[in-house]
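Asks: predicted model, plus sequence, below.
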Amino acid sequence: MTEAQIIVFPLTRRVGKIRTVAATLSGMKKDKIARAYRMQITAALLNHLGKLGVAPIDQNEPVFEFWRAVHDEIAKSIEGAA
């Protein structure tokens with residue numbers, strides 16, 4: 001029997017989600033609230049990948065890349081405001 005490979009839509013291509021998360025984080029004034037929000041989003045992403053059947057060991061990199069894209073979006077918005 002062959003092993004099936006799961007290919008999911010890349011989290012970094014979820015531009016609307018990335019922009020929404022970046023805008024929400026940018027508007028947060030307190031670090032504690034921002035940390036809690038980041039944890040909530042991370043948990044939701046991991047849960048989503050888990051439901052799709054992605055092995056836990058393969059979930060970290062897409063989530064890391066998602067947060068890198070959020071960081072880049074925040075940086076872009078800051079540069080655009082200057």
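Replies: Received, thanks. Keep in mind that what you see is a predicted model, and the values were worked out from it rather than measured.

Asks: distance between the ends of stretch 8-16?
Replies: 17 Å (C-alpha to C-alpha, to the nearest Å).

Asks: for that stretch, give the mean pLDDT please.
Replies: Predicted confidence along stretch 8-16 averages 92 (mean pLDDT).

Asks: cool, and stretch 72-82?
Replies: 86.

Asks: tell me which residues of it are tucked away?
Replies: For stretch 72-82, burial by neighbour count (16 or more other C-beta atoms under 10 Å) applies to E73, I74. All C-beta spots, glycine's among them, are computed from the backbone N, C-alpha and C.

Asks: same thing with stretch 18-36?
Replies: Using 16+ other C-beta under 10 Å as the test for burial, stretch 18-36 gives I18, R19, V21, A22, L25.

Asks: neighbouring contacts of that stretch?
Replies: T12, Y37, R38, I41, F66, A69, V70, E73, I74, S77 (C-beta atoms under 8 Å, 6 or more residues apart in numbering).

Asks: and these, which of them are in strands?
Replies: Within those, no residue falls in strands by DSSP state E.
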